[in-house]
Every structure is written in structure tokens, then in C-alpha cells.
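[1] Build me a structure from this.
(one chain, ligands or ions: 1)
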Amino acid sequence: MRVIDSHTGGEPTRVILSGGPDLGSGSLADQAARLQAEHSDFCASVLLEPRGHDAMVGALLLPSDDPSCAASAIYFNPVGNLGMCGHATMGTLVSLFHVGHISLGCHRIETPVGVVEADLISPNRVVVENVASYRHAKAICLEVPGLGQITGDVAWGGNWFFLTPECRIALESSNITELSAAALTLRESLWERGITGANGARIDHVEFIGAPLSPQGHGRNFVLCPGGAYDRSPCGTGCSAKLACLAEDGLLDPGTPWIQESIIGSTYTLSYRRNDQGHVIPRIEGEAYVIADATLHFAKRDPYRTGIRV
Ligand code: PYC
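    Numbers count the residues shown, from 1 in each chain. Model prediction:
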């Protein structure tokens, strides 16, 4: 299986160029559902140790039925599919440029939750225009064991997020273990309380938000991804959810830049525009670098052929 590995602000992406499963026909959302339901061994074998690790996100590229799109992408992490993925879209563009499949400029990518536009403005710099993002619920209050009462917003940025400024642990890289534990407990509490996104959608990302550490920054975050890994980058879909909240609170005007720091200090430059329907269309600019151009091998007798799952 031919893969290209990259990282975007420290967050890894593995683009699968060839050797993926046959997902049959139907919409991209149908094919993504089939990937998750019928090919979990494939996903685990590509992403988990010993070939990968639990923070890795896969991008399975397929031809798109939409002639305006350069490709379709199904993004997945070791526990299941993502709707959209900002950092992996940047990683995908940089990887496709690396192998000579695309040139610099604008490319449309179909995802299961809509078409996104990505502008490769240099070999390592990408601007992604994400799907329309919005706040679903404001100031939801819940009791979280060990954290007390927490208030936060539920928002869509291509995935579902619970965003709160109230985690009470400093957003510093030395606290990643404590932040991860707190975010996991909070997510568990959301599930127990039945707090969901639209149409009962499960909230699988938790985003702690706070003040920046650098003088140029406007905000800093810690994002827990589905499963237990945290996002090394500022999380493109998490930034989109954050932009939707800022816009709805009247705290950021369209076109005004916002520099978002991740928990390891990598940054995205964000802004948004409103489309004809008045929806928030996030713009996320960041850097991605190719780190490996590889062939994965799956020996039949390898006891860890489908990844280490303990
Ligand atoms: O960049 O949107 C993102 C993302 C989601 C999960 C990991 N990264």
C-alpha cells in the first residue's frame, strides 16, 4: 500500500494513494459508512502501532463523482471516521503536490460532509475553506466528576465539538496528561447526560479554549479527538466550530484574522466569510510537511498485521 505521511502543525496524516478497500458505489457518505462498518481491520492496520500510532489520521483518496473536485477524501482515525478534517486536508494537498498529482493553486475536495476548497499557496502552505459551520447550543451546563460545573457550547465545524473555557487546567504542554483525562471525563459526562449535536449526533471532540501564550496569538486550545488522542495542531474543524461561536457572539467580524495556537504552540491563521445564506464559512491557513513516502507491507503471518489492539 503506497502512503505519504505528513504533519500539519505537528498533527500526522497518512494519505493512502493506492491499495485501499473497494467501498462499492453510492454517495461518499455511504462509502465512508461502509469503510467504518466493514473495513475496521484496514483502518487499524494502517493507523495503529506498529505502523502508526493513535494520533494518526488516515486520508483515503477516491475519485470524485463531482467533476469540479480533484478527489474525494474519507478521513478516519483509529476509532472511526471523521466528517471533515482540516489538518488532514492540508496534509493531503501537500502530499499530492509532493507526488506531482496536483499543482499549486485551488483544488476542491469532496468529503462525506460536503465539498471543501483548499488553496495550495506554496509547497507547504495551504488555505482551507471549510464547510459551513454553526453553533448548535449555547451555554450548556453540566456537572463533571472531578471538574465540577462546566459550561460550554456545542458547535459544528465538520465534526461535533463541545467548547469550553472552563477546564481549570492551564493550557500548557506540560499538562497534556491532565488535560486529556479531564476532556475524556467531560466527554463521558456529555454522553451520559444525552447532550448531542443536531439530530442526536454524538459529540466526539472536546475543545478547551483559553488565552494565547504568544503575543501574536488570539487564542489557544486543547482538542481531544475521537478515542483518546489529542490534536497536536489547532484542529481545523475545531477552529471552525470556534469561529462559528465567535461570529454568533459578535466577537469577530468577517475577514478579521484570528491566530489560534494549539497545545504544542503550532498555529493556524483563521478568518471567516458569510455565504449568500449568511452561514459562517471558515478559512484556515496552516503549514504541512511531507515526512515519509512509503510502502506499507502486510505479511500474512505477521501476528500484528492489523495493528496492536490491546
Ligand atoms: O484538523 O479538523 C482537524 C482534525 C480533526 C481531528 C484531528 N484533526
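[2] Establish whether the longest strand along the chain and the ligand are in contact.
    Assignment by DSSP state E gives strand 280-295 as the longest strand of the chain. No. Between strand 280-295 and the ligand, judged by CB under 6 Å from any ligand atom, nothing touches; the nearest distance is 8.1 Å. In short, each C-beta sits where N, CA and C put it, glycine included.
[3] on contacts alone, who are the packing partners of that strand?
    Where contact means 3 or more CB pairs under 8 Å, 6 or more residues apart in numbering; DSSP states H and E, strand 280-295 is packed against strand 2-8, helix 86-98, strand 125-129, helix 236-248, strand 267-274.
[4] Any chance of TSV for these, columns mean pLDDT, distance to Leu47 and mean neighbour count?
    Converted to TSV, the helices and strands packed on strand 280-295 look like this (pLDDT from 0 to 100; distance: least, CB to CB, whole Å; neighbours: other CB atoms under 10 Å):
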stretch	mean pLDDT	distance to Leu47	mean neighbour count
strand 2-8	97	10	22
helix 86-98	98	12	28
strand 125-129	98	22	22
helix 236-248	98	18	27
strand 267-274	98	23	20
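[5] what's the closest of these to Gln216?
    strand 267-274 (8.0 Å; CB to CB).
[6] any idea of the angle that closest one forms with strand 2-8?
    Strand 267-274 and strand 2-8 are oriented at 90 degrees to each other (axes from the mean of the first three to the mean of the last three CA atoms, to 10 degrees).
[7] just the angle between strand 267-274 and helix 86-98, please?
    Using the same axes, to 10 degrees: strand 267-274 against helix 86-98 is 100 degrees.
[8] Which elements pack onto strand 267-274?
    helix 236-248, strand 258-261, strand 280-295.
[9] which one of those lies closest to Ala198?
    Using CB to CB, these put helix 236-248 closest to Ala198, at 12.8 Å.
[10] so can I have JSON lines of the helices and strands packed on strand 267-274 showing distance to Cys85?
    Output for the helices and strands packed on strand 267-274, formatted as JSON lines (distance: least, CB to CB, whole Å):
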{"stretch": "helix 236-248", "distance to Cys85": "7"}
{"stretch": "strand 258-261", "distance to Cys85": "16"}
{"stretch": "strand 280-295", "distance to Cys85": "11"}
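[11] coming back round to it: in the longest strand of the chain, which residues are buried?
    280-290 (16 or more other CB atoms under 10 Å).
[12] any idea how far Tyr134 is from the spatially closest residue to Lys138 that is not a sequence neighbour?
    Nearest residue to Lys138, sequence neighbours excluded (CB to CB, 6 or more residues apart in numbering): Asp153, at 5.3 Å. Shown here: Asp153 relative to Tyr134, a distance of 11 Å by CB to CB, to the nearest Å.
[13] Counting neighbours, go ahead and name the busier of these two.
    Neighbours were counted for Asp153 and for Tyr134 using other CB atoms under 10 Å; Asp153 has more, 23 against 16.
[14] Identify the residues contacting that one.
    Applying CB atoms under 8 Å, 6 or more residues apart in numbering to Asp153 gives the contacts 135, 137-140, 162-164, 245.
[15] Kindly provide the distance from it to Val206.
    12 Å.
[16] Same check on Ala59?
    From Ala59 to Val206 the distance is 23 Å (CB to CB).
[17] All the strands of the stretch 101-250 of the chain, in order from the start?
    For the stretch 101-250 of the chain, the strands defined by DSSP state E, counting those that start in this stretch occupy 105-111, 114-122, 125-129, 134-144, 148-156, 160-164, 205-210, 219-224.
[18] Switch the ones you listed over to CSV; also include distance to the ligand.
    Conversion of the strands of the stretch 101-250 of the chain to CSV gives the following (distance: least, CB to the nearest ligand atom, whole Å):
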stretch, distance to the ligand
strand 105-111, 11
strand 114-122, 11
strand 125-129, 9
strand 134-144, 16
strand 148-156, 12
strand 160-164, 10
strand 205-210, 7
strand 219-224, 7
